[in-house]
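*Asks:* Here is my input; please provide its structure:
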Amino acid sequence: MIRPTIFVLLICCGCSSSIYLRDGVTDGDTFSLAPKALQDSDPVLQSWVSYSLTRSTCQLQIGGENPARNSSFECELMARRHLLQTWSEKQATDSALSDVYLDKLATIRQASYLDEYIVTYYRQRDWILPDDLDMFSYRKWSGMNLRAHRAQTRLIGSWSFADR
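*Replies:* Model prediction:
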């Protein structure tokens, strides 16, 4: 589970920003958080840290030569769910918290259209999609509720690769 990792990183401001190495220390492929993510407790930033760590972990699980290029519907869905879970936990401790994108994403989830939203805004050609998508209803709903919406992705970290 990602959540304890995030907590440990935030209380350890002097720690290295290298979060994990693919295939062990000798491989050298590394996902690192931006140094600001280790020092800044901003709720919006920390919600995106949760997204970034979840997505990069899933990329590793897919495998292949270049984890940064890995993508699947399941990875994006899981990462967006973690983003929303972290955001709702932050809002539970401070009801005044607000963010235009994260609040709108929470509304999309509450309307049960998170899957369709992800397909609409983030779909990759090689994704295998679930059979139960209701794109017709989603388009109708989004036409009324997402008129000026701008999708966002914030990756608070990056992959670096060892020479092979």
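*Asks:* going forward, measure contacts and count neighbours with C-alpha atoms only.
*Replies:* Will do.
*Asks:* The residue nearest to the spatial centre of the chain and residue 110: what is the separation?
*Replies:* Closest residue to the average C-alpha location of the chain: residue 51 at 2.4 Å, with Cα atoms, centre = their mean. In this view, residue 51 and residue 110 are 19 Å apart by Cα to Cα, to the nearest Å.
*Asks:* With residue 159 instead?
*Replies:* 33 Å.
*Asks:* Ok, residue 126 next?
*Replies:* From residue 126 over to residue 110 (counting by Cα to Cα), the distance is 28 Å.
*Asks:* With residue 33 instead?
*Replies:* Counting by Cα to Cα, the gap from residue 33 to residue 110 is 30 Å.
*Asks:* neighbour count winner among these two?
*Replies:* residue 33 (22 against 10; other Cα atoms under 10 Å).
*Asks:* Go ahead and confirm that one touches residue 160.
*Replies:* No - checked against Cα atoms under 8 Å, the pair residue 33 and residue 160 is beyond contact range at 11.0 Å.
*Asks:* which stretches of the chain form strands?
*Replies:* Applying DSSP state E to the chain gives strands spanning 18-21, 30-33, 157-160.
*Asks:* Give the other helices and strands that the last one contacts.
*Replies:* Put plainly, it is strand 157-160. strand 30-33 (3 or more Cα pairs under 8 Å, 6 or more residues apart in numbering; DSSP states H and E).
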